[in-house]
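Asker: Below: sequence and its predicted model.
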Amino acid sequence: MHEARLCLSLIRIAEETLARDGGTRILGLELEVGELSGVAPEALQAAFPICANGTQAENAALRCHRAPGRGLVLRALEVT
Amino acid sequence: MCGTCGCDSGDATTAPAAPHRRIEVEGSLLANNDRRATALRERLAARGLEAIGLLGGPGAGKTALLEATFARLGAAARDEAVVEGDCATDLDAARIAACGARVTQVATGSLCHLDAHLVAHALEKLDLDGVTRLWIENVGNLVCPAPFACGESRRAMLVSAPEGDDKPAKYPATVAAVDLLVITKSDLLPHVPFDPERCVAAARRVQPRLPALLLSARTGEGMEAWMDWVRAGSA
């Protein structure tokens, strides 16, 4: 349920980063999902395309990497 | 795309054709809520108030523990305030109000957890003058509340004897997010296959120094140790 809200946060951070960088479109996002974050990468993957619809991250590829700890951190963007 | 269900597992990379570049980022998805939670915690601290969060599955005994706590406080219960999170109804709020404490209910609808934003707005409906402690009873859920701080200084995870001693093993993210494990309904231990040591050991595999208490809100067993933990923060 809350994965959709987290996706909206993710997209907002990505769009802000894109704006600072002067890019036009987000093609890929690398997200670190902590084992103890309480968040399921599968649910994020399912919610992402819906949340990204109409944003600069539309059709972008979301890649989730598992990591130790509780973090939920956007590590890198691929932009154009 | 996988051929079984159409998910993106396996070959998830759809390589972009346009020239592209990579930007390193360090952006926490929880940063917004964390910021709000910190601001709320500081706002409460400025009033001399500490917030204690209660996490646990539905029926773990969160409201019953509050009732037993307020019963022990007697008339001083009027200086306690509670934010009650539930998907629907104000049943729990009515139970708390009957104890003489101040209470506001957040009916989250289909939302599975409270967050700092919801709690901050819930507090607009509470008169905090004279209140010495705030309780935040999260939605009954051992998964979703864990990552979302609500302005609490301390959090307790409740696991009731009938739920089973495997709960900390099954929900490590919640264990990682709390400061105390409380095994509730100890009066039912003779009737259910629950090993408190196994329960505590599972929690300590996630947090080696996590304190743990065993209590019964109904019989009062273990309540003194709980009250000591509660008061420890108001020094």
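Answerer: Nice, thanks for sending it over.

Asker: which parts of chain A sit against chain B?
Answerer: Applying CB under 8 Å from any CB of the partner chain, one finds that chain A approaches chain B through A:1-2, A:6, A:9-10, A:13-14, A:17, A:21, A:23, A:25, A:27-28, A:31, A:35-39, A:42, A:45-46, A:59, A:61-63, A:70-80. Where C-beta positions appear, they are placed from N, C-alpha and C, glycine not excepted.

Asker: switch to 6 Å and redo it
Answerer: Contact residues (CB under 6 Å from any CB of the partner chain) of chain A with chain B: A:1-2, A:6, A:9-10, A:13, A:17, A:21, A:27, A:36-38, A:45, A:61, A:70, A:72-74, A:76-78, A:80.

Asker: Write the PyMOL selection for whichever of those residues are buried.
Answerer: Remark: buried members of those, expressed as a PyMOL selection using 16 or more other CB atoms under 10 Å in any protein chain shown:
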select buried, chain A and resi 2+6+9+10+13+17+27+36+37+38+45+61+70+72+73+74+76+77+78
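
Asker: roughly how far apart are the closest residue to residue B:215 other than its chain neighbours and chain A?
Answerer: Nearest residue to residue B:215 in three dimensions, chain neighbours excluded: residue B:222, at 3.0 Å (CB to CB, 6 or more residues apart in numbering or on different chains). Separation of residue B:222 from chain A (CB to the nearest CB, to the nearest Å): 27 Å.

Asker: List the contacts of residue B:222.
Answerer: B:213-215 (CB atoms under 6 Å, 6 or more residues apart in numbering or on different chains).

Asker: Name the next helix or strand downstream of the lengthiest helix in chain B, please.
Answerer: Ranked by residue count, the top helix of chain B under DSSP state H comes out as helix B:31-46. Going down the chain from helix B:31-46, the next helix or strand is strand B:50-56, by DSSP states H and E.

Asker: Just grab the bridge partners of residue A:26 for me.
Answerer: residue A:79 (DSSP bridges).

Asker: In contact with it, which residues?
Answerer: Contacts of residue A:26 by CB under 6 Å, 6+ apart are A:14, A:18, A:56-57, A:60, A:77, A:79.

Asker: Tell me the pLDDT of it.
Answerer: With respect to pLDDT, residue A:26 has a value of 97.

Asker: Please enumerate the strands of the chain.
Answerer: In the absence of a named chain, chain A is used. Using DSSP state E, the strands assigned to chain A run over residues A:26-34, A:61-67, A:72-79.

Asker: think we crossed wires, I meant chain B
Answerer: So, for chain B - with DSSP E - the strands run B:21-28, B:50-56, B:80-86, B:102-107, B:133-137, B:154-160, B:180-184, B:212-214.

Asker: for the shortest one, packing partners?
Answerer: Counting contacts by 3 or more CB pairs under 6 Å, 6 or more residues apart in numbering or on different chains; DSSP states H and E, strand B:212-214 packs against strand B:180-184.

Asker: neighbouring strands for the strand it packs on, and are they parallel or not?
Answerer: strand B:154-160 (parallel), strand B:212-214 (parallel).

Asker: what residue lies at the spatial centre of the chain?
Answerer: No chain in the question, so chain A it is. residue A:10 (4.3 Å; CA atoms, centre = their mean).

Asker: not quite, I wanted chain B
Answerer: Centre-most residue of chain B, counting by CA atoms, centre = their mean: residue B:55, 2.6 Å.

Asker: can you pull the contacts of it?
Answerer: B:138, B:145, B:157, B:174.

Asker: And the last one, how far from chain A?
Answerer: Put plainly, it is residue B:174. 7 Å.

Asker: Nearest residue to that residue in space, please, no chain neighbours.
Answerer: Here the residue nearest residue B:174, using CB to CB, 6+ apart, is residue B:146, at 4.6 Å.

Asker: Next one: that neighbour, what pLDDT does it get?
Answerer: Reported pLDDT for residue B:146: 93.

Asker: How about residue B:89?
Answerer: pLDDT, read off for residue B:89, is 84.

Asker: Bridged to the residue nearest to it when sequence neighbours are not counted, which residues?
Answerer: Distances taken as CB to CB, 6+ apart put residue B:107 closest to residue B:89, at 7.1 Å, once the chain neighbours are dropped. Following DSSP bridges, residue B:107 is listed with bridge partners residue B:86.

Asker: Just the pLDDT for residue B:107.
Answerer: pLDDT, read off for residue B:107, is 80.

Asker: where does the nearest residue to residue B:68 once chain neighbours are set aside fall, phi/psi-wise?
Answerer: Nearest non-adjacent residue to residue B:68, counting by CB to CB, 6+ apart: residue B:217, 3.8 Å away. The phi/psi pair for residue B:217 (degrees, to the nearest 10) reads phi -60, psi -30.

Asker: how about low-confidence regions in the chain?
Answerer: Using chain A here. A:1 (pLDDT under 70).

Asker: you looked at the wrong chain, it should be chain B
Answerer: Short version for chain B, where the test is pLDDT under 70: B:1-18, B:234-235.
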